[in-house]
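>>> Here's a sequence, model it:
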Amino acid sequence: MRLLLRIACLLSIVSAGVIQLAGQSAGPQPAPMPPAIPAPQDRPYSGVIRLGVDATDTDHRIVTVHETIPVAAAGPLILLYPQWIPGEHAPSGPLTELAGLVIHAGGSRVDWTRDPVDVFAFHIEVPVGAKTVDADFQWLTPISSVVGAITMTPEIVDLPWNAVVLYPAGYYSRQITVEPSIRVRDGWHLATALDPASTTGAVTSFKPVTLNTLVDSPVYAGQFFKRYDLDPGGPTPVWLDAFSDKPDQLEAPPEALAAHRALVQQAYKLYGSRHYSHYDFLFSLSDRLAANGLEHHQSSEDGAAADYFTDWAHSLVDRDLLPHEYTHSWNGKFRRPADLWTPNFNVPMRDSLLWVYEGQTQYWGYVLAARAGLWTNAQTLDALAGVAAEYDHRIGRTWRQLDDTTNDPIVANRRPLSWRTWQRSEDYYSEGQLIWLDADTLIRERTNGAKSLDDFARAFFGINDGSIVTVTYTFDDVVRTLNGVLPYDWATFLRTRLNGHGPGAPLDGVARGGYRLVYTDAPTWAVTANDLTYSLGAIIGNDGTLGRVLWDSPLFAAGLTFGAKMVAVNGAVFTSEGLRSAVTSAKGSTTPIELTVQAGDQVRTIRVAYHDGLRYPHLVRDQATPARMDDILTARK
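Reported below is the predicted structural model:
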């Protein structure tokens, strides 16, 4: 018996050794994964989903949803809540705001189970004999900006359909048909790119559309509303649908209306096409609803301050918003990066070409603002000077290339950052804008003004006039079209700028455009007096609180961070004017600026050895180079 026990023990040891040799540890092994959610197929979903939305509870800011989904047979059904939201380039579907989900089928309540891996997927078992599945739930819109962007107030509702719809897995979104309706408060008005079928009281029903068109066609509704025709007598309607907190905020002065109408005409001259049956700027003028800017194919969600029209002379900050979002109808919605297009809203997006999608759109947003007269040329140059200075000081370039920032919508999901100038955040927008200025001026220089990036825009975005069917593109398509305008090594041109590490921003376009970036002690509308980024190294509020602190700046070296508060300057109680006076007085001297600073419950005095005075960025004319920038900003006849 003992011999047999010894043999068994030896065999056990040998067996264990064989297992070890096979590379398997003695520790735990992973549990098997559940079955994957079915991949979308390009096949029609049978029947029409009926989606009813009640947006009348503005007191609680709750939207109530009833949805009826046809089913062909009993058995498993997976319903998806949209996760990857077009225009946000990220898995930003507001899943935490979905609540109260109850499902019925065949006259009985049916339990649902959330997928343990894909938490945006809900599994149900359709009972025998059921022809439809009914889903009831609420969208709990944020009640505070601490929770999220405010999309519902007592005066205005911004309803994105992706927040209020469930849809069956296994299908392309363009193969699912939805018949939507919405109830708003009595006496309210609404606007959307959707075509209404009927209105009964406060309920508007829309014509059936595909799911992708539905999600691409949000609704604005509100108590105070005015519609402006931006292309009177034109073949394709373009409307500015304005909603406001108060009725007097809706009145656009004549010069403002003229500039918005010019925007439409300048866009047509640039792109040579249109890709919508009608276009709606859904525009909120509000200090309560969150400011917004989200593109759609035949509309856009836009939001500016309540005094956008009533203080027209000074509301410069928001003037490029509508040109940017309007450009997206061509760049981003009609033409879209191939790896960003997805068959439904739960397939991951890849953002590698956002420096075209957003970067070139940012460029055209500034250019069209100038050409339309929303900004003067001088105001546009001030805005561009701010961009040039911002990215010329983007020290994070030393470790992280621009190309990688296209991942930021997924990596950071637009959360606040402690050190943006070092971490970088979606720099493909405005540093991308500088790259396209570089390309535009290079084309103009090499063709003696005969060609420009306008020719690229018409060749790339102007195809298939009148079509709303998306056409995708790749890096090679961009290079090929640029070469059609000007034969050049565009692949190297772009890769060098996307993958470089500086030093400094790509400012060749500024120089080739006939301007130089300089710094003076005079602030501009774009870089205001309290923005001491390029002197002390921070934006400082009127109460002394530090906003963003520039990495490796004098205030950074003194140990200060975002949120610290200046209490005194050189022994005197802090004022913005007093701080700027101290910076000016220290110029050329050796005496440090003495700051008393509170951070949390600690107060300390620091001495900042900065002696270069106030520095605000400007673009000044270089007479040795043709004024190509002026030509770029001039309205097209």
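
>>> Identify the element of secondary structure that the residue nearest to residue 220 when sequence neighbours are not counted sits within.
In space, residue 220 comes closest to residue 282 once its chain neighbours are excluded; the distance is 4.2 Å by CB to CB, 6 or more residues apart in numbering. In short, each C-beta sits where N, CA and C put it, glycine included. Taking DSSP states H and E as the criterion, residue 282 maps to strand 279-285.

>>> Give the pairing partners of that strand; include direction for each.
Here strand 279-285 is paired, per DSSP bridges, with strand 238-244 (parallel), strand 299-304 (parallel).

>>> picking up where we left off before, what bridges to the residue nearest to residue 220?
For residue 282, the beta-bridge partners under DSSP bridges are residue 241, residue 301.

>>> Give the helix, strand or coil label for the nearest residue to residue 428 once chain neighbours are set aside.
Distance criterion CB to CB, 6+ apart; nearest residue to residue 428, sequence neighbours excluded, is residue 355 at 4.2 Å. Taken by DSSP: H, G, I helix; E, B strand; the rest coil, the conformation at residue 355 corresponds to helix.

>>> separation between residue 355 and residue 540?
32 Å (CB to CB, to the nearest Å).

>>> I'd like to know which elements the one helix or strand residue 603 maps to is packed against.
Using DSSP H and E, the element containing residue 603 is strand 602-608. Helices and strands touching strand 602-608, as assessed by 3 or more CB pairs under 8 Å, 6 or more residues apart in numbering; DSSP states H and E, comprise strand 593-599.

>>> The strand it packs on pairs with which strands?
Each strand paired with strand 593-599, and its direction, by DSSP bridges: strand 565-569 (antiparallel), strand 602-608 (antiparallel).

>>> Point out the most buried one among those strands.
Comparing those by mean neighbour count (mean count of other CB atoms under 10 Å), strand 565-569 ranks first with a mean of 20.

>>> mind saving the C-alpha coords of that one as PDB?
Extracted C-alpha coordinates of strand 565-569, given in PDB (Å, rounded to 0.1, in the frame of the first residue of the first chain):
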ATOM      1  CA  LYS A 565      -6.200  82.600  -5.000                       C
ATOM      2  CA  MET A 566      -4.100  85.700  -4.900                       C
ATOM      3  CA  VAL A 567      -5.000  87.700  -1.800                       C
ATOM      4  CA  ALA A 568      -2.400  90.500  -2.100                       C
ATOM      5  CA  VAL A 569       0.100  92.000  -4.500                       C
END
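
>>> and that strand, how far from the chain's centre?
Centroid displacement of strand 565-569 relative to its chain, using CA atoms, centre = their mean, to the nearest Å, is 35 Å.

>>> Which strands and helices lie in contact with the host helix or strand of residue 214?
Taking DSSP H and E as the definition, residue 214 sits inside helix 211-215. Under the contact definition 3+ CB pairs under 8 Å, 6+ apart, helix 211-215 sits against strand 177-183.

>>> got a list of contacts for the strand it packs on?
Under the criterion CB atoms under 8 Å, 6 or more residues apart in numbering, residues 45, 47-56, 159, 161, 165, 190, 194, 202-211, 214, 219, 221 lie in contact with strand 177-183.

>>> Each with direction, which strands does it pair with?
strand 48-57 (parallel), strand 203-206 (antiparallel), strand 209-210 (antiparallel).

>>> What residues of whichever helix or strand comes after that strand count as buried?
Per DSSP H and E, the first helix or strand lying C-terminal to strand 177-183 is strand 189-192. Using 16 or more other CB atoms under 10 Å as the test for burial, strand 189-192 gives 190, 191, 192.

>>> Could you do stretch 563-581 as well?
In terms of neighbour count (16+ other CB under 10 Å), stretch 563-581 has its buried residues at 564, 565, 566, 568, 569, 570, 574, 576, 578, 579, 580.

>>> that older thread, and the strands paired with strand 177-183 as JSON lines, adding mean neighbour count?
JSON lines is the format used below for the strands paired with strand 177-183 (neighbours: other CB atoms under 10 Å):
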{"stretch": "strand 48-57", "mean neighbour count": "20"}
{"stretch": "strand 203-206", "mean neighbour count": "18"}
{"stretch": "strand 209-210", "mean neighbour count": "18"}
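
>>> how about those, which one is nearest residue 403?
strand 209-210 (33.6 Å; CB to CB).

>>> will you turn the strands paired with strand 279-285 into TSV that also has mean neighbour count, distance to residue 335 and mean pLDDT?
Listed next are the strands paired with strand 279-285 as TSV, based on neighbours: other CB atoms under 10 Å; distance: least, CB to CB, whole Å; pLDDT from 0 to 100:
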stretch	mean neighbour count	distance to residue 335	mean pLDDT
strand 238-244	24	19	98
strand 299-304	25	16	98
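
>>> nearest residue to the spatially most central residue of the chain other than its sequence neighbours?
The chain has residue 88 as the residue nearest its centroid, 5.0 Å off, counting by CA atoms, centre = their mean. Take residue 88 and drop its neighbours on the chain: the residue closest to it by CB to CB, 6+ apart is residue 409, 6.6 Å away.
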